[in-house]
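Engineer: Predicted coordinates and the sequence they were generated for:
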Amino acid sequence: MIRWEQVVRFETPENIPVTYKLAGPGTRFIACVFDHIVIVAAILAMTVLTMVVLLLLAQLNIGIEGDLFADGAEGFMTWIMLATAIQVVLYLGYFTVLEWIWNGQTLGARIMGVRVVMDRGFSLSFAGVFLRNIFRVIDVIPVLWVVPVVSEKLQRLGDMAAGTLLVREENEAHQDIRAQLSERPPSESVFAINQVHVNSLQHVDVAAAEMFLLRRDGLHPAHRQELAETLCANLSRRIGREEPVDPSQAERFIEDLLSAYARWEARELA
């Protein structure tokens, strides 16, 4: 029997346990369909625009002499090869760029509430994003569609090569605390957090910080303070900002940083 509701667990460098629920093949497929609709629409629009421009230039005799395919079959094949190369670049570039700048999400992934993460809990790297998407030229072969269904962690070949997972978004507890933080006005923040700082955060950073805020009340005071300071130091390095001088302000720094992130995300998804 195949289990769709699988979870993976790991500890962050701050020893905070983080749990992810894996995205099932059905969810992965629907997200992929959304993305391919966007890609096909973009390619069609670019093709039409290119042909219009070329025909216009031909009419005006600008940069083109005579027929676009004056060289016969050779010229036609050249155009076909060029168009194919452009489509491949657009196809791979769409997934690679969006997953990198949107913390592991494309448009389809956002709609379906899933994202790409590294399978060891580390921050999503560009190398990982690039490698998993290069494999798309192989993973689109129909016979390989069965791979995510039978693999232990519901991974396609690209995920296995890059060490990545497609996971579902946070549970209700994470969503609740993020909703609460998004409603906190910037005027209540002790630490100034700007857009550059927020953009520097990786999904694993946010997950670790939220997990700490959810579980801090159940921690021993000494362990809670030590964990807050370690997490605060790592987050400060991540966003390129000095950590608080007063160690007792570590938790407030984490709260203010997550509050700024939550407000930004709320605007992005609105």
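Structural biologist: Good, I have the coordinates.
Engineer: Can you pull the poorly scored residue ranges out of the stretch 1-150 of the chain?
Structural biologist: Filtered on pLDDT under 70, the stretch 1-150 of the chain yields the residue ranges 1-5, 10-18, 58, 61-76, 121-123.
Engineer: quick one, strands of it?
Structural biologist: Along the stretch 1-150 of the chain, the segments classed as strands by DSSP state E, counting those that start in this stretch run 7-11, 17-21, 114-118.
Engineer: quick one: buried residues of the last one?
Structural biologist: Judged by neighbour count using 16 or more other Cβ atoms under 10 Å, the buried positions of strand 114-118 are 114, 115, 116, 117, 118. Yep, even glycine has a C-beta here, placed from its N, CA and C like the rest.
Engineer: ok, now stretch 93-104?
Structural biologist: Neighbour count says stretch 93-104 has 94, 95, 96, 98, 99, 100, 102, 103, 104 buried, by 16+ other Cβ under 10 Å.
Engineer: and which of the residues you listed is nearest to residue 145?
Structural biologist: Closest approach between the buried residues of stretch 93-104 and residue 145, by Cβ to Cβ: residue 95, at 16.7 Å.
Engineer: Touching, that closest one and residue 108? I think so.
Structural biologist: No - counting by Cβ atoms under 8 Å, residue 95 sits too far from residue 108 to count as a contact (9.6 Å).
Engineer: Need the overlap of contacts for these two.
Structural biologist: Common neighbours of residue 95 and residue 108, using Cβ atoms under 8 Å, 6 or more residues apart in numbering, are residue 35.
Engineer: how about a markdown table for the buried residues of stretch 93-104, with distance to residue 248 added?
Structural biologist: Output for these, formatted as a markdown table (distance: Cβ to Cβ, whole Å):
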| residue | distance to residue 248 |
| --- | --- |
| 94 | 46 |
| 95 | 44 |
| 96 | 42 |
| 98 | 40 |
| 99 | 38 |
| 100 | 36 |
| 102 | 35 |
| 103 | 30 |
| 104 | 34 |
